[in-house]
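A.B. asks: here are the coordinates; sequence isn't available:
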Ligand code: TMP
C-alpha cells in the first residue's frame with residue numbers, strides 16, 4: 001500500500017445537524033489558508049455511488065430490506081474510496097467527507113439492529129485500509145435536528161431524499177445515542193461538537209476544534 005500523505009476528516013450526526021453547510025464553510029476557510037481540500041459525501045461522491053445514493057434514499061423504496069440497504073451503502077463506499085478518497089489522500093489533500101463508516105454502524109447497526117460484526121467486516125472490506133484521521137460528531141437533540149431537516153426538505157425542489165426522515169423518533173434517538181457511544185469508545189478520533197445554537201457559533205466550535213488538529217497532524221506527516 002502507498003504511504004498516506006493527506007488527511008481524512010469525516011463528519012457525522014443525526015438528520016438536520018447542519019454538517020453539510022458547515023463543511024462548505026470550513027472548506028472555503030481552509031482553501032483561503034491554501035490547504036488543498038476535497039469535499040465529498042456518502043453515500044455518493046462519484047457517479048456510480050451517486051446512483052446508489054438515489055436508490056437508497058428514494059422514499060418510494062420502503063420495501064428495501066435492511067440487508068440490501070447495508071450492502072448498497074458499503075458498495076457505494078468501496079467505489080467512493082477507490083475512486084475519490086484514496087487518490088486524494090495519496091496526493092496529500094485534505095478530504096472532508098460528509099458521513100462515513102460510523103454512519104453505517106449507527107444507522108444500519110444500532111438503527112436497524114443489523115449485526116455490528118458483519119458491518120465492521122463489510123466496512124473493512126470496502127475501505128481497504130483507509131480510515132478517518134479525525135471525525136467530528138455534530139451533536140444535537142433529535143427534535144431539533146428533525147425539525148430543521150423537515151423544514152429544509154419542505155423548501156427543496158430537488159430529489160426526494162427523505163426515506164430516513166420518515167423513520168420514528170425512537171429510531172433517530174438510537175442513532176444519536178450510538179454516535180455518542182462511539183465518541184466515548186474512540187475519544188481520540190471522534191470529537192463531539194455541540195451543534196445547537198446559530199450557524200456561526202457552531203462553526204466557531206468546529207474551527208477551534210479542528211484547526212489545531214489539522215496543523216499538528218499535517219506537520220507530523
Ligand atoms: P445525508 O442526509 O447526510 O446526506 O445522508 C443520507 C442518509 O443516509 C442519512 O439519512 C443517513 C443515511 N446513511 C446510512 O443510513 N448509512 C450510511 O452508511 C450512510 C453513509 C448514510
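C.D. replies: That came through, no problem. Not measured: the values here are computed from a predicted model. Numbering: from 1, shown residues only.
A.B. asks: hey, where'd the helices end up in this structure?
C.D. replies: Assigned by DSSP state H, the chain shows helices spanning 19-32, 47-57, 66-80, 86-90, 101-104, 116-127, 142-155, 169-185, 199-220.
A.B. asks: buried deepest among these, which one?
C.D. replies: Among the helices of the chain, helix 101-104 has the highest mean neighbour count (mean count of other CB atoms under 10 Å), at a mean of 24. In short, each C-beta sits where N, CA and C put it, glycine included.
A.B. asks: which other helices and strands contact that helix?
C.D. replies: Applying 3 or more CB pairs under 8 Å, 6 or more residues apart in numbering; DSSP states H and E, we find helix 101-104 packed against strand 7-13, helix 66-80, helix 116-127.
A.B. asks: again, only this time at 10 Å
C.D. replies: When contacts are defined as 3 or more CB pairs under 10 Å, 6 or more residues apart in numbering; DSSP states H and E, helix 101-104 sits against strand 7-13, helix 66-80, helix 116-127, strand 134-139, helix 169-185.
A.B. asks: average model confidence for that helix?
C.D. replies: Mean pLDDT, helix 101-104: 98.
A.B. asks: for stretch 5-22, same thing?
C.D. replies: Stretch 5-22 shows a mean pLDDT of 95.
A.B. asks: give the buried residues for that stretch.
C.D. replies: 6-19, 22 (16 or more other CB atoms under 10 Å).
A.B. asks: show the end-to-end separation of that stretch, please.
C.D. replies: Stretch 5-22 has an end-to-end distance of 25 Å (criterion: CA to CA, to the nearest Å).
A.B. asks: which of the helices and strands packed on helix 101-104 sits closest to the ligand?
C.D. replies: If you check each of those against the ligand by CB to the nearest ligand atom, helix 66-80 wins as the nearest, at 3.9 Å.
A.B. asks: doesn't residue 75 make contact with residue 48?
C.D. replies: Yes. Using CB atoms under 10 Å, residue 48 makes contact with residue 75 at a distance of 8.7 Å.
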